[in-house]
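Chemist: Show me how the following folds:
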Amino acid sequence: MRSAICACYLPNMRKLLLLFLIAASSLAQGHAPAPARDQMDRDLMEITVDRLHTLYREHRYTVTQVVQWHLDRIARYNGIYRAVQTVNAESALAEAAREDTESKQPGFNPSLLWGVPIVTKANTSIKGLITTDGWRGYMIPGHELVAPRDATIVGKLRAAGAILVGVTNMPDFAASDTNRSTAFGRTGNAYDVRFSPGGSSGGTVTAVTSNFAVLGNGTDTGNSIRMPVATSNLVGIFPTRGLVSIAGIAPLDWQLDNTGPIARDVADAAIALTVMAGEDPLDPATTDSKSKAQPAPYTRYLEPGSLKGKRFGVPAFILDGDSPPFQGVCPTATPEQVEQAKKNSFLPPRPETRTMFMKAIDELRSAGATVLIDPDILPDSFADAAMHICTLPYIKEGTEDFLSGFGPAEYHSASEYEKAVGEPLPSVIIGGHSSKLSARGGVQQAALESDPNAEATLLGPRRQVLAMYEKELDRLHLDGFVYPAAQMPPPDETMPQNGELSSGPHSATGWVNMLGVPAISIPAGFYDTGLPFGIEISTRKWHDGDLIGWAYDYELKTHHRKPPVLVDRGLLPHAAGPPEQ
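Modeler: A predicted model of the protein is given here:
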């Protein structure tokens, strides 16, 4: 019997001996054996920047191995979730190999994002790639919008050592609260592919929460970083407008647009913001930002106990649903148009969202913060004033400026695009007519700097409402405001919502863009359906570091981040098919 057992195991023993000899030979030649896939899954799933750098220092993995692991996840799951529009595999692996060689040089000192796989949104210029902006019209063969150079933030991320593994899907021109594009189709929510991840940064949030990359960038014109991260259990920062350059990002509305980091935890978002922030001659809003902002690095604000003794107010107009219309209402609007705009933007929080928000308030209070709820805190009159911050006359100027600096050789203006292609750019980015975002067509386009009506249309109302915002902070000795990052759970996109194809979820946070104040959205639990919920905190301009500290403390005390369980087949069998014509 004993001889039979030994004979049975002999082939396996020979295999083990052979594997041992191969490994020994590899080590003798100076090559580490390839790590086991299951071990990589354990080590790299939910990896943070700091932990990844520790693994690199310990020579547990090469940059090439880490990048390949993330590319493998994209290859396995992207056909279902469709988060990544362009996989940048060849370039990413070449850069990883270069960094692996660099790491062997004497005195090597890795930069903040060295060896960190990232994704960028499809409206962000990357030299040599098509800036689709989510729109099929920038992909017409022979007329593609190929970026002549990197957007400013892409240059900063590359300089910090980040490796771009993919470009993420987004709705056409970022003009939607969900993530359907004519360029690539629909992106699904990682927690349930049938549901929306929100828009317009839904591709980035699905990619980051699914561990296709460690972090990414989003853009935000009305809620498009903060609301999508809330659907997907992530952290998203809307920086003070002017802290981070938007040069090289295709605009939806340059007076409202912003960009910031999307990450799985607050510390990674702080590292990314440190890299992305800075003055840029291509973006006048960043002039003197260094002297105005709280000093970097933003990791210095990651202090436990930061919430203790802080005071927050809940804006009454958000709980009432009286959100100001996106892009505002111009002085030329009739009383009937004003009332219709208010009616169209009315959006109270759903009961289940209100319930989740009250739980989050209890958590903030347990962390030592005071949270005030009162109908006099930023009442409906605040939203009424904010609706008169009108950006509609200046939309085309932003598109023209972008194309002049980041358009392809064939067209550097809207008129040159029309001449080359034979069709005009859509009104949503050049104005002049009503669009799916605004029924208020016929607004005359103008250059902000020379428009004699700019003071009455935009600049004056914005100063007035910012003063109201700051006065409320002073009156109640508040550190900031807290509110739901979305007014509803993510909708199921496999069935109609209110009798029509869903265009949500939606939020009541576009007023933040109107003022340019900073805000952060953070995980705050899960609905009964298993889909994530998030809260948002805003504060005074240039106090981005304070926001990061409060969010970090909340994260430490609640641990709401939970990764999704992905599927690679079964649900929505047609999700990986080409988008409808």
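
Chemist: For the rest of this, base every contact and every neighbour count on C-alpha atoms.
Modeler: Noted.

Chemist: Quick one: mean pLDDT over the helix or strand hosting T206.
Modeler: In this structure, T206 sits in helix 202-209 according to DSSP states H and E. Helix 202-209 carries an average pLDDT of 98.

Chemist: swap in stretch 118-138?
Modeler: Averaged over stretch 118-138, pLDDT sits at 98.

Chemist: Can I get that stretch in CSV? Just the C-alpha atoms.
Modeler: Once non-C-alpha atoms are left out, stretch 118-138 reads as follows in CSV (Å, rounded to 0.1, in the frame of the first residue of the first chain):
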residue,chain,number,x,y,z
ILE,A,118,-4.6,55.9,-14.2
VAL,A,119,-7.4,56.6,-16.6
THR,A,120,-8.5,59.9,-18.1
LYS,A,121,-11.9,61.1,-19.3
ALA,A,122,-12.5,61.3,-23.1
ASN,A,123,-12.8,65.1,-23.1
THR,A,124,-9.2,65.5,-21.8
SER,A,125,-6.6,65.9,-24.5
ILE,A,126,-3.9,63.3,-24.9
LYS,A,127,-1.2,63.9,-27.5
GLY,A,128,-1.8,61.6,-30.5
LEU,A,129,-5.1,60.2,-29.4
ILE,A,130,-8.6,61.3,-30.5
THR,A,131,-10.3,63.6,-28.1
THR,A,132,-13.8,62.1,-28.7
ASP,A,133,-15.5,64.2,-26.1
GLY,A,134,-18.0,61.3,-26.2
TRP,A,135,-19.2,62.4,-29.6
ARG,A,136,-19.2,60.4,-32.8
GLY,A,137,-18.7,63.7,-34.8
TYR,A,138,-15.1,64.0,-33.6
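
Chemist: Next, the buried residues of it.
Modeler: 118-127, 129-135, 137-138 (16 or more other Cα atoms under 10 Å).

Chemist: how far is that stretch from where the chain is centred?
Modeler: 14 Å (Cα atoms, centre = their mean, to the nearest Å).

Chemist: Then stretch 287-296?
Modeler: For stretch 287-296, the distance to the chain centre is 22 Å (Cα atoms, centre = their mean).

Chemist: ok, now stretch 455-474?
Modeler: Offset of stretch 455-474 from its chain centre (Cα atoms, centre = their mean): 27 Å.

Chemist: for that stretch, which positions count as buried?
Modeler: Applying 16+ other Cα under 10 Å to stretch 455-474 flags T457, L458, P461, R462, V465, L466, M468, Y469, E472, L473 as buried.

Chemist: what sits up against it?
Modeler: 330-331, 377-378, 382, 385-386, 388-391, 478-480, 514-515, 540 (Cα atoms under 8 Å, 6 or more residues apart in numbering).

Chemist: Alpha carbons of that stretch, in PDB - could you do that?
Modeler: Extracted in PDB, the C-alpha atoms of stretch 455-474 (Å, rounded to 0.1, in the frame of the first residue of the first chain):
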ATOM      1  CA  GLU A 455     -21.900  92.400 -15.400                       C
ATOM      2  CA  ALA A 456     -25.700  92.100 -15.400                       C
ATOM      3  CA  THR A 457     -25.700  88.600 -17.000                       C
ATOM      4  CA  LEU A 458     -23.000  86.800 -15.100                       C
ATOM      5  CA  LEU A 459     -20.400  88.700 -13.100                       C
ATOM      6  CA  GLY A 460     -22.600  90.700 -10.800                       C
ATOM      7  CA  PRO A 461     -25.000  87.900  -9.900                       C
ATOM      8  CA  ARG A 462     -22.100  85.500  -9.300                       C
ATOM      9  CA  ARG A 463     -20.500  88.000  -6.800                       C
ATOM     10  CA  GLN A 464     -23.900  88.600  -5.100                       C
ATOM     11  CA  VAL A 465     -24.600  84.900  -4.600                       C
ATOM     12  CA  LEU A 466     -21.000  84.100  -3.500                       C
ATOM     13  CA  ALA A 467     -21.400  86.900  -0.900                       C
ATOM     14  CA  MET A 468     -24.700  85.300   0.300                       C
ATOM     15  CA  TYR A 469     -22.900  81.900   0.600                       C
ATOM     16  CA  GLU A 470     -20.100  83.400   2.700                       C
ATOM     17  CA  LYS A 471     -22.400  85.500   4.800                       C
ATOM     18  CA  GLU A 472     -24.300  82.400   5.800                       C
ATOM     19  CA  LEU A 473     -21.100  80.700   6.900                       C
ATOM     20  CA  ASP A 474     -20.200  83.700   9.000                       C
END
